[in-house]
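Trainee: sequence first, predicted coordinates after that:
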Amino acid sequence: MPAVEFRGVGFQVDGKTVLSQLSFVVEPGETLVLLGRSGSGKTTALKMTNGMLLPTSGEVLVDGRTTVEWDPIRLKRRIGYVIQEVGLFPHFTVAENVGLVPKLEQWSRPDIDRRVDELLSKVGLDPGEFRARYPRQLSGGQRQRVGVARALAADPALLLFDEPFGALDPVTRCELQQQFLALRRDFQKTSIFVTHDVREALRLGTRIALLASGRLEIIAPPDEFRRAQSEEACAFLAGLED
Amino acid sequence: MRSDLTDDILRLTGQHIELVAIAMALAILIGVPAGILLTRRAHLRQWLLGFASVMQTIPSLALFGFLIPLPFIGGIGPRTVIVALVLYALLPILRNTFVGIAAVDRAVCESAVAMGMTGGQLLRQVQLPLAAQTILAGIRVATVTTVGTATIAAAIGGGGLGVFIFRGVATVDSTQILAGAVPAALLALIADGGLGWVERRLSPA
């Protein structure tokens, strides 16, 4: 059974079509990159996966059940979500931020503490040094690492990334991409990753889905994507040459 | 004579504090939930904020005049005073609650929803703590103005420090006026300082 399946998904808001006839599957363990320009509908597609948005036509299935059938809170808690602006709670410490979903799920205090330390180490932050800090005391890259740790906290089967590294400097971005690949080796999670950066897409994706004006142009593994001939794909690939 | 005046000052200051405390408690109980409601019901915004703004523009003596003939909430005495004070205090509390919650970073709220927080958890764990400082600033402004406005209460038999002021004005006795005005000013300063201190303590880390 695919981890996620989009079946003829359309989304209209205020009479404007954001997505139309979007169909694809995400197999367990793969990283599907949704690539596209701003306004291509990629973030909308991501938000449909955990039920933050519901399709106006077609259906989205997660583990074989449509997002309409899922209990909306349960669905969101079993899917990790990392957004570009990170969205860490400024009034929570790093440890409280990371332990948020386990706490909502009523894990015991020692279990939460153990999990938080384990994840901070995994994302390359020393727990002793960082647990008690507040988000404003962190650099952009460190914040994003905490965001990733938070998304992993309740051991979700599926992770969603919405341009998580978009606002970082190139060196930090590269480090975090390395970290992402390392985490993928360790945890074997299924991920959907939104980006407008074709290099990032080729580097991280096991398959790349190119969206243009709310439609799926191509979906292909990276090597096949490099040879794609469509106009939009060529526009993106041209960015690789300089 | 002197000690009589001291007794009067203490008694009327006590009455004054009671009027302000009851009015503020009611205004907070109404204003904060109403402000929260405004963040969730856009169509109510104009109505409620408009109503509260109009209340603020009515001169206080005129408002007492309007309230006196009304059944239940009107009449002569402290009850009418409290109703009027609540109506005045409502706007800053309502507006600051709404503005404070609306100003919470959209990305923070969105990630709270994406983490699977329920509406109540989002409100209690994220929106209210992050808006607390702004809400408290509204309560502080409302309290300070209420301390001043409450002096008018004496005009309709509501008691408080205004009793001295009205009496002093009627008899052209500045000692009486000062006996009302000085404690009222001190109360306002104490309320301002105290609530300002709490506000700073509440600053989100």
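Mentor: Noted; the coordinates are in hand.
Trainee: pull up the distance across stretch A:154-163, start to finish.
Mentor: The separation between the terminal residues of stretch A:154-163, taken as Cα to Cα, to the nearest Å, is 21 Å.
Trainee: what sits up against that stretch?
Mentor: The list of residues contacting stretch A:154-163 from outside it, by Cβ atoms under 8 Å, 6 or more residues apart in numbering or on different chains, reads A:3-4, A:28, A:43, A:46, A:49-50, A:62-63, A:77-84, A:101-102, A:105, A:151-152, A:189-196. Placement of C-beta: from N, CA and C, glycine included.
Trainee: which ones among those are found in helices?
Mentor: With helices defined by DSSP state H, the entries of the contacts of stretch A:154-163 inside them are A:43, A:46, A:49, A:77, A:101, A:102, A:151, A:152.
Trainee: which one of the residues you listed is nearest to chain B?
Mentor: Closest approach to chain B among the ones in helices among the contacts of stretch A:154-163 (Cβ to the nearest Cβ): residue A:77, at 3.5 Å.
Trainee: quick test: name the residue nearest the centre of chain A.
Mentor: Centrality entry for chain A: nearest residue to the mean C-alpha point is residue A:161, 1.6 Å, by Cα atoms, centre = their mean.
Trainee: so where's chain A shaky on pLDDT?
Mentor: Low-confidence segments of chain A (pLDDT under 70): A:242.
Trainee: the longest helix along chain B: which residues count as buried?
Mentor: Here the longest helix in chain B is taken by residue count, with DSSP H as the criterion, and it is helix B:2-40. Of the residues in helix B:2-40, B:8-9, B:12-13, B:15-17, B:19-20, B:22-24, B:26-28, B:30-32, B:34-36, B:38-39 count as buried by neighbour count, 16 or more other Cβ atoms under 10 Å in any protein chain shown.
Trainee: so which elements touch the lowest-mean-pLDDT helix or strand in chain B?
Mentor: Lowest on mean pLDDT, DSSP states H and E among the helices and strands of chain B sits helix B:60-67, with a mean of 82. Helices and strands touching helix B:60-67, by 3 or more Cβ pairs under 8 Å, 6 or more residues apart in numbering or on different chains; DSSP states H and E, are helix B:78-102.
Trainee: and the helix it packs on with helix B:60-67, angle?
Mentor: Angular relation of helix B:78-102 and helix B:60-67 on a 0 to 180 degree scale: 110 degrees, by axes from the mean of the first three to the mean of the last three Cα atoms, to 10 degrees.
Trainee: if you count neighbours, what's buried in whichever helix or strand comes after helix B:78-102?
Mentor: Downstream of helix B:78-102, the first helix or strand assigned by DSSP states H and E is helix B:106-114. Along helix B:106-114, the positions that meet the burial threshold by neighbour count (16+ other Cβ under 10 Å) are B:108, B:109, B:110, B:111, B:112, B:113, B:114.
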